[in-house]
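Undergrad: Requesting a structural model of the entry that follows:
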Amino acid sequence: MRVLIVEDESRVADALRTGLNAEGWSVDVTGDGNEALWYAEHHEYAAILLDIMLPGLNGYKVCARLRAGGDATPIVMLTAKDGEYDEAEALDAGADDYVTKPFSYVVLLARLRNVVRRAPARAPVIHVGDLVVDPSARACARGGDQILLTGKEFTLLEMLATHPGQVLSKRRLLEGGWDFAERPEPNLVEVHISALRKKIDLPYDRNSIRTVRGHGYRLVPDA
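TA: Have a look, this model is predicted:
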């Protein structure tokens, strides 16, 4: 899953990015309110962590504009303000939750998971042959066995599973699985696809992930 961090304090933004990456999230970061709107309008996010005090548009206005445009992405406001009127204004603008700085990362992560869990749209469980992929629970199983995947591995598998039989290029997999700022090398896709095969295919004598030379990869039901 991908989350957008809108925070103009680089120290806070970097710490959040590092922590969320370690939890398996893909993260985009901006410190400007107008850029935040662009990111939210052009990419799909599981949630947005939104600071209130921002250059360009402040967090209240960013949140209000997203809601006015029909964007229901869960939003957690981050702010140094702790007055009840500030909290009320954030919630009135359409935020799902509100966290005051300085905050506990453990608590913030729990709140983030909570707003994502409460989001009305739950992605359906995907079946590709006997391979089961649950995007909402970020869980994978085959033949009744739960398969433990890393965050990146699951993200790549989810992309392939939501387009069964279709060839996804390395570039598309890179764009969906890594942050824009990471400048990932194309061979990272090969490394993670190889790791996926060792977990979901080889132990079960399957060949679900097929390489289409010169084009990319596709996931097929393999009995």
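Undergrad: going forward, measure contacts between C-alpha atoms and count neighbours the same way
TA: Fine.
Undergrad: Which neighbours in the sheet does the helix or strand harbouring Ile5 have, and how are they oriented?
TA: Per DSSP states H and E, Ile5 falls inside strand 2-6. Sheet partners assigned to strand 2-6 using DSSP bridges are listed as strand 26-30 (parallel), strand 47-51 (parallel).
Undergrad: which outside residues touch the first one?
TA: Defining contact as C-alpha atoms under 8 Å, 6 or more residues apart in numbering, one finds that strand 26-30 is touched by 1-8, 13, 17, 20-21, 36, 177-181.
Undergrad: Go ahead and build a ChimeraX selection from the buried members of those.
TA: Here is the ChimeraX selection string for the buried members of the contacts of strand 26-30, based on 16 or more other C-alpha atoms under 10 Å:
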select :1,2,3,4,5,6,7,8,13,17,20,21,36,177,178,179
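Undergrad: Quick check: which of the strands paired with strand 2-6 is nearest to Lys152?
TA: Among the strands paired with strand 2-6, strand 26-30 comes nearest to Lys152, with 8.3 Å by C-alpha to C-alpha.
Undergrad: Tell me which other helices or strands the helix or strand that that closest one is followed by touches.
TA: Where DSSP H and E defines the elements, the next helix or strand beyond strand 26-30 is helix 33-42. Helix 33-42 sits against strand 2-6, helix 59-68, with contacts defined as 3 or more C-alpha pairs under 8 Å, 6 or more residues apart in numbering; DSSP states H and E.
Undergrad: For helix 33-42, list the C-alpha coordinates in CSV.
TA: Included here for helix 33-42 are C-alpha records, laid out as CSV according to Å, rounded to 0.1, in the frame of the first residue of the first chain:
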residue,chain,number,x,y,z
GLY,A,33,0.0,22.0,0.0
ASN,A,34,-0.5,22.6,-3.7
GLU,A,35,1.8,19.7,-4.5
ALA,A,36,-0.1,17.5,-2.1
LEU,A,37,-3.3,18.1,-4.2
TRP,A,38,-1.4,17.1,-7.3
TYR,A,39,-0.1,13.9,-5.8
ALA,A,40,-3.5,13.0,-4.4
GLU,A,41,-5.3,13.7,-7.7
HIS,A,42,-2.8,11.7,-9.8
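Undergrad: mind checking how far that helix is from the chain centre?
TA: Distance of helix 33-42 from the chain centroid (C-alpha atoms, centre = their mean, to the nearest Å) equals 16 Å.
Undergrad: In it, which residues are buried?
TA: Here helix 33-42 shows 33-37, 39-40 as buried, counting by 16+ other C-alpha under 10 Å.
Undergrad: for those, which one is nearest Ala68?
TA: When those are ranked by distance to Ala68 (C-alpha to C-alpha), Leu37 comes first, at 12.0 Å.
Undergrad: my read: that closest one touches Leu66, true?
TA: Yes - Leu37 is in contact with Leu66 according to C-alpha atoms under 8 Å; the separation is 7.3 Å.
Undergrad: Pull the contacting residues for Glu89.
TA: Tyr60.
Undergrad: From Gly59, how far off is it?
TA: Glu89 sits 10 Å away from Gly59, going by C-alpha to C-alpha, to the nearest Å.
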